[in-house]
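I would like the atomic coordinates for the input below:
(one chain, ligands or ions: 1)
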Amino acid sequence: MIILIADLILFNELLLYMFKHIRLGFNIGTILRRKQLNKILELMLSEGKEYCIQERRLNIYAYRWQFVPFYLVRIGLANLVKNHELKELNKKILDRTTYEIASYSENNNIIEIYEFNLLRWCNKINVSPENYMIEIIFHEYRHKYQFNLNLKLNTENAEKDSEEFANIFFKKNKNAIEQIIAEGK
Ligand SMILES: [Zn+2]
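Numbers count the residues shown, from 1 in each chain. Here you go, the predicted structure:
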């Protein structure tokens, strides 16, 4: 029993240690710097460990061409396993007439943000890219939370929940966020 408890404490410590060292993906985009992104993720983590359990992978594609190699591989795979949904989603990301801004893949536990679409959208609705990027990160991490807690929400409710969370969490941390954004200027 004592060994078990000691084990759990050690394991917990190890997790905490890992959480402090958030790993970002290869591509981090151009809207926020790495340091700023790390601070945003730390903010998420302060809300609960469910937001960053296991791998903390976030990929931000700044330009269309950065996404093209991934697109080609995925379309190839989607064709191979006849996954129509995956194919359509990836096509939409490169489509200049739609605004596919971000996605969370439950299978791979990866959050992706498509900055080239996000910037177009921010221009269209006239909002600050930094603010919007941060809200999108909160939104996608909430999907991760839903998955980690096995909430099994349907698409509509999952989106509603993510949207609400991002909104409330943004307001709750407004001062900290403003400070983080200012660091990039
Ligand atoms: Zn969503």
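
dihedrals phi and psi, the residue nearest in space to the middle of the chain?
Residue closest to the average C-alpha location in the chain (CA atoms, centre = their mean): Ile111, at 3.9 Å. The phi/psi pair for Ile111 (degrees, to the nearest 10) reads phi -100, psi 130.

swap in the one 3 residues further on?
The phi and psi torsions at Tyr114 (degrees, to the nearest 10) take the values phi -100, psi 90.

count the neighbours of it for me.
Using other CB atoms under 10 Å, Tyr114 has 27 neighbouring residues. No exception for glycine: its C-beta is placed from N, CA and C like everyone else's.

check the one 10 residues further on too.
Burial of Lys124, expressed as a neighbour count using other CB under 10 Å, amounts to 9.

quick one: residues contacting it.
By CB atoms under 8 Å, 6 or more residues apart in numbering, Lys124 lies in contact with Tyr99.

name the element it belongs to?
Here Lys124 sits within helix 115-125, counting by DSSP states H and E.

for the helix or strand following that helix, list every residue counted as buried.
Per DSSP H and E, the first helix or strand lying C-terminal to helix 115-125 is helix 129-148. By neighbour count, with 16 or more other CB atoms under 10 Å as the criterion, the buried positions of helix 129-148 are 129-130, 132-148.

retrieve the pLDDT associated with Met1.
With respect to pLDDT, Met1 scores 53.

for Ser46, that is, sorry about that
Ser46 carries a pLDDT value of 88.

how about it, phi and psi?
The phi and psi values for Ser46, taken as degrees, to the nearest 10, are phi -70, psi -20.

what's the burial count for it?
As a burial measure, Ser46 scores 11 neighbours (other CB under 10 Å).

mind listing what it touches?
So Ser46 contacts nothing (CB under 8 Å, 6+ apart).

what about it, distance to Leu118?
Distance of Ser46 to Leu118, computed by CB to CB, to the nearest Å: 24 Å.

what about Ile28, how many residues close to it?
20.
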